[in-house]
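Participant: here is my input; please provide its structure:
(chains A and B)
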Number of protein chains: 2
Amino acid sequence: MRSRPVPDLVEAATNGDRLSLARTISLIERGGDPAREVSRLMFPKGGSAHTIGITGAPGAGKSTLTDQLIRHIRSEAGGEREVSVLAVDPSSPRTGGAFLGDRVRMQDHATDGGVFIRSMASRGHLGGLALATPEAIRALDAAGFPLVIVETVGVGQVEIEVAGAADTTVVVVNPGWGDAIQANKAGLIEVADIFVINKADRPGVEEVERDLNWALDQTMWPAWRPPILKTVSSTGEGVPELMAAIEEHLTTFEKSGELAERRALRLTDELAEIVARRLEAKARAAVGESRFDDLRTRMTGREIDPHSAADQVLESIS
Amino acid sequence: MRSRPVPDLVEAATNGDRLSLARTISLIERGGDPAREVSRLMFPKGGSAHTIGITGAPGAGKSTLTDQLIRHIRSEAGGEREVSVLAVDPSSPRTGGAFLGDRVRMQDHATDGGVFIRSMASRGHLGGLALATPEAIRALDAAGFPLVIVETVGVGQVEIEVAGAADTTVVVVNPGWGDAIQANKAGLIEVADIFVINKADRPGVEEVERDLNWALDQTMWPAWRPPILKTVSSTGEGVPELMAAIEEHLTTFEKSGELAERRALRLTDELAEIVARRLEAKARAAVGESRFDDLRTRMTGREIDPHSAADQVLESIS
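Facilitator: Predicted structure coming up:
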């Protein structure tokens, strides 16, 4: 089977063809020259989507909450508002895809043309996910989705970075002592625009709310102090209020100019990241060359430390 | 107060002075030239420590389990065996250190000279933690600790990378359906040498064990199939068996030559990472320069995409 040229694929994807859209995202995920071409062609077509990042510890109920947000968005305005979801999933390429139980639920929306759901895996390399996610968001944006929800599975640095790169970042915690502490430790307080205490029908809501407030009190919030909402994602309770808060955040940030600033900063960060990754590829290729075998042997023999070895590599590749 | 010269500090640290050791690790954490000097001086002095990585989702009981491992190690062989712990904690620099409740427990060992516990924070930059951790491990190794336990707080890609860079990696999960799935999603199956079902006095142990076995069945394990152990870290139940499994893993890998291979591979990875980070710093500095202001404006105006902008930056800095 011959694959279609990238410009055709992008054209179809931005004209509403979902299969083409899925394919452009696969190209982005795989990286390399086709991904760059997709990026170059998609870039001028986007710029109007509101991106919502959803992050939190595994098991906090992020998928169910995303599912409820979709239901809510689709039930409003006569079903006119379309929504796409990017589920960023650092599954291993070795066993990845074997367990997708909680994604299956989202397939309830499979027959709804106004909903597009896509998983993104890291394919094993660190820079990949952080770089591929904004590209995929732009593809969904260029395809005309006014709302792009980015949900992360884990809660590590990369996942937080990914979710934190949205216009509005929602951090999901659960009731009980310790969850606010974990959120703080993981650096979630830094990226949150909105906190959600999900599973709020369980005991311990007051404790986690008090802890979050305490943590928020440690910082000055001149424009927007992250509100703390409560949801029960299994029933959908609190979801309309969450959506209202998300929209209020967007409006506030749009008015203050902070949204434009955030987006410009994100592009600059992305540029620096792309430049860094390309240089990194150069570095890794160099270190893998046979002319550095001797350096590796000397490191293993404890004759030379990695920093001094790096000096020699840098000298010879620059 | 004048600070002591680095060579004096390293000398004292490797001669048993704990305060000097703590200071060398602070230098490593901060990075830059002093960190490189510490690394260069420490490197030839180490090479004999057994490093044990402990990772798993927040709340799985990693800290309590580490605490019990320390107790067990110190109670054996007449208390002769010393142990150090590096708690890798991506706390934010803004609010970091405010919540350290579950670390305080470890202070039970504060008066025991045979135990050295140290937290390492990421200080906000991604490469920092991944690079600083092996340096800090080597400092503890050079200071003469035969065992270095590296415990991570989160379970993201960087945390897994850090814990997975140990000689023996222990992945902690909890009973209940879903935990094995989350472990698999997070890529933990890939790095585990040993699985521990902690809080094994709770219901759901069989389910998580079955799921883990199912996940492990998807891969061939010619030399060592990760065993699944059960612990109750609050009481210490199962901890001697865990320590025995850790030692068995080391012995097996030492005999087969895989340990030496793993360590050599780690050094090569570290070298490539150092080279990449130095090039990255160069890239970030370049993108921050005023000569690229125009490029940023054009990106924000959607005239040029980040990949094409990167081409121009790379051309002008190489």
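
Participant: next, count neighbours for the closest residue to chain B within the stretch 1-150 of chain A.
Facilitator: Going by C-beta to the nearest C-beta, chain B is nearest to A:F43 of the stretch 1-150 of chain A, at 3.7 Å. For glycine as for every other residue, the C-beta is placed from the backbone atoms N, C-alpha and C. Neighbours of A:F43 under the rule other C-beta atoms under 10 Å in any protein chain shown: 23.

Participant: just A:V153 next, same as before
Facilitator: A count of neighbours around A:V153, defined by other C-beta under 10 Å, yields 23.

Participant: ok, now A:I160?
Facilitator: When counting by other C-beta under 10 Å, one arrives at 27 neighbours for A:I160.

Participant: one step back: what's the closest non-adjacent residue to the residue of the stretch 1-150 of chain A closest to chain B?
Facilitator: Distances taken as C-beta to C-beta, 6 or more residues apart in numbering or on different chains place B:D305 nearest to A:F43, at 3.7 Å, with adjacent residues excluded.

Participant: ok, now A:V239?
Facilitator: A:Q68 (4.6 Å).

Participant: was I right about the one you found contacting A:S233?
Facilitator: Yes. The pair A:Q68 and A:S233 passes the contact test of C-beta atoms under 8 Å, sitting 5.4 Å apart.

Participant: who touches both of these two?
Facilitator: Overlap of the contact sets of A:Q68 and A:S233 (by C-beta atoms under 8 Å, 6 or more residues apart in numbering or on different chains) consists of A:V239.

Participant: picking up where we left off before, state the helix or strand in which the residue nearest to A:V239 lies.
Facilitator: Following DSSP states H and E, one finds A:Q68 within helix A:62-75.

Participant: what helices or strands is that helix leaning on?
Facilitator: With contacts defined as 3 or more C-beta pairs under 8 Å, 6 or more residues apart in numbering or on different chains; DSSP states H and E, the packing partners of helix A:62-75 are strand A:50-56, strand A:83-89, helix A:101-104, strand A:147-152, helix A:239-256.

Participant: show residues contacting it.
Facilitator: Looking at what lies outside helix A:62-75 - C-beta under 8 Å, 6+ apart - the contacts are A:52, A:54-56, A:81, A:83, A:85, A:87, A:102-103, A:105-106, A:108-109, A:112, A:114-115, A:147, A:149, A:151-153, A:172, A:196, A:198, A:231, A:233-234, A:236, A:239-240, A:242-243.

Participant: need the buried ones from those selected in ChimeraX.
Facilitator: In ChimeraX, this line selects whichever of those come out buried by 16 or more other C-beta atoms under 10 Å in any protein chain shown:
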select /A:52,54,55,56,83,85,87,102,103,106,109,115,147,149,151,152,153,172,196,198,231,233,236,239,242,243
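
Participant: can you map out the strands along chain A?
Facilitator: Here chain A has its strands, by DSSP state E, at A:50-56, A:83-89, A:115-121, A:147-152, A:168-173, A:194-197, A:228-230.

Participant: adding mean pLDDT and distance to chain B, write these out as a markdown table.
Facilitator: Formatted as a markdown table, the strands of chain A follow (pLDDT from 0 to 100; distance: least, C-beta to the nearest C-beta, whole Å):
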| stretch | mean pLDDT | distance to chain B |
| --- | --- | --- |
| strand A:50-56 | 93 | 10 |
| strand A:83-89 | 88 | 6 |
| strand A:115-121 | 85 | 10 |
| strand A:147-152 | 93 | 9 |
| strand A:168-173 | 93 | 11 |
| strand A:194-197 | 96 | 14 |
| strand A:228-230 | 97 | 16 |
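
Participant: to B:V205, which of the helices and strands packed on helix A:62-75 lies closest?
Facilitator: The closest of the helices and strands packed on helix A:62-75 to B:V205 is helix A:101-104. By C-beta to C-beta, the value is 19.6 Å.
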